[in-house]
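>>> Fold the following.
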Amino acid sequence: MRCALEVIDLALQPSSPDYLCLVALMDEALVGYVAYGPTPMTEGTYDLYWIASEPALRGKGIGAGLIASMEADLRRRKARLVRVETSATEDYGPARGFYQSMRYLEESRFQDFYRVGDDLILLKKKL
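Residues are numbered from 1 along each chain as shown. From the prediction side, this is the model:
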């Protein structure tokens, strides 16, 4: 959680070119956000760092709307790829299902990355 907050803090700095953030509001309340930024040493590749929505509102299209808005912004920036890192554990099954529904495809897997039995899964989407 601390890492997510650090990325959001950096994204909210007006002078930060490395992190971008979009938020979803409902009745003026924050109900979700997505943090993303250019992948260092690449041309046109971006990382999706974090996406989160209010748990009580999941399944209401907030995440899909944030992804669509992020992808539109990235197209304006001439991005060609979006990269996502996620875990292979059962707890992350819903997140992987969400990314699959948004047409992010598994590109590779790093066995036992986080801990023994917990692989790093790299997903990508061509824009």
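>>> lowest confidence element among the helices and strands of this structure?
helix 2-11 (a mean of 57; mean pLDDT, DSSP states H and E).
>>> Now the element after that helix, going C-ward?
Later in the chain than helix 2-11, the nearest helix or strand by DSSP states H and E is strand 20-26.
>>> quick one: secondary structure of the residue nearest the centre of the chain?
The chain has residue 48 as the residue nearest its centroid, 3.3 Å off, counting by CA atoms, centre = their mean. Recorded secondary structure, residue 48: strand (DSSP: H, G, I helix; E, B strand; the rest coil).
>>> Would you mind measuring from it to residue 60?
20 Å (CB to CB, to the nearest Å). C-beta here means a position set from N, CA and C on the backbone, and glycine is covered the same way.
>>> just residue 37 next, same as before
Residue 37 sits 26 Å away from residue 60, going by CB to CB.
>>> same check, this time on residue 113
32 Å.
>>> Do a quick rundown of the strands in the protein.
20-26, 29-38, 45-53, 81-87, 105-115, 118-126 (DSSP state E).
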